[in-house]
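Novice: Generate a structure from the sequence data that follows.
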Amino acid sequence: MMSATVVTNAAPAEGVEDQEQKVLGSTKPLHRFLRGHPKNVGVVMVTLGISIFLMGFPVWLADSLSESIISFLLGVLFITCGIIFILSEPNITKQLVTAGFALSIVSILGVGIGVYKYIYCISYAAYELYYDMEDNITEEVYVIYSKKQYGAVQALSLFQSLLGGAILIVMAVFARAALQTSNTRAVVVMQTQPPAE
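Specialist: Numbering: from 1, shown residues only. Model prediction:
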């Protein structure tokens, strides 16, 4: 545990009031969050969020709203996380880092639910295709292609959500490190003196 104090011994000029300012260093090392390059990560998260959100529309049209709701929710969560990460780089504050950390945890839980749902949908689509081929059910070609496309869209959404989840885990680690209390404090004492006439 290290403690540092910086104090200047400059005395004020004769007949001039001492104008002293003390700045106490923060106990939260928020600069640790900047090691994760939150602006770049935010752009990636917004892109992934828009992509996952848009993937929900074909699923909604092919199946139902209940199957696509996870894509819409994950898309909104990823976009919101990305915007918070983008805003936190130029002017980092404890509130933005805390909001990013909390939303990352919620999004990671959403990714876990989404992975389960996507795997279920992919396996169901594969089972239907296998069942149709096994029983030699003659279906229109476009129905078979639509089932394959449905499975491909779900697989792509699964991949994107896993990628976003991995990024969010890394950013949550950086945010947690930034929010830990540091025992190092710096005290900066500045004395301002008017120019000599």
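Novice: Mind jotting down where the strands sit in the protein?
Specialist: For the chain, the strands defined by DSSP state E occupy 19-24, 187-192.
Novice: weakest of the ones you listed by average pLDDT?
Specialist: Lowest mean pLDDT within these: strand 19-24, at a mean of 44.
Novice: how close does the closest residue to residue 170 other than its chain neighbours sit to residue 101?
Specialist: Closest residue to residue 170 apart from its sequence neighbours, by CB to CB, 6 or more residues apart in numbering: residue 36 at 6.6 Å. For every residue, glycine as well, the C-beta is placed using N, CA and C. In this view, residue 36 and residue 101 are 12 Å apart by CB to CB, to the nearest Å.
Novice: what does residue 109 give?
Specialist: 13 Å.
Novice: the more surrounded of the two?
Specialist: residue 101 (20 against 12; other CB atoms under 10 Å).
Novice: Contacts only, for the more buried one.
Specialist: Residues in contact with residue 101 (CB atoms under 8 Å, 6 or more residues apart in numbering) are 172, 175-176, 179.
Novice: Same question for residue 85.
Specialist: Residue 85 neighbours (CB under 8 Å, 6+ apart): 38-39, 41-42, 45, 100, 171.
Novice: and the nearest residue to residue 112 once chain neighbours are set aside, what does it touch?
Specialist: Leaving aside its sequence neighbours, residue 112 sits nearest to residue 165 (CB to CB, 6+ apart; 7.7 Å). Going by CB under 8 Å, 6+ apart, residue 165 touches 107-108, 111-112, 115.
Novice: Nearest to residue 150, out of those residues: which one, please.
Specialist: Nearest to residue 150 among the contacts of residue 165: residue 115, at 17.3 Å, using CB to CB.
Novice: for the chain, longest helix please?
Specialist: Using DSSP state H, we find that the single longest helix of the chain is helix 94-134.
Novice: Pass me the low-pLDDT residue ranges in this structure, would you?
Specialist: Low-confidence segments of the chain, defined by pLDDT under 70: 1-28, 63-65, 128-146, 181-191, 196-197.
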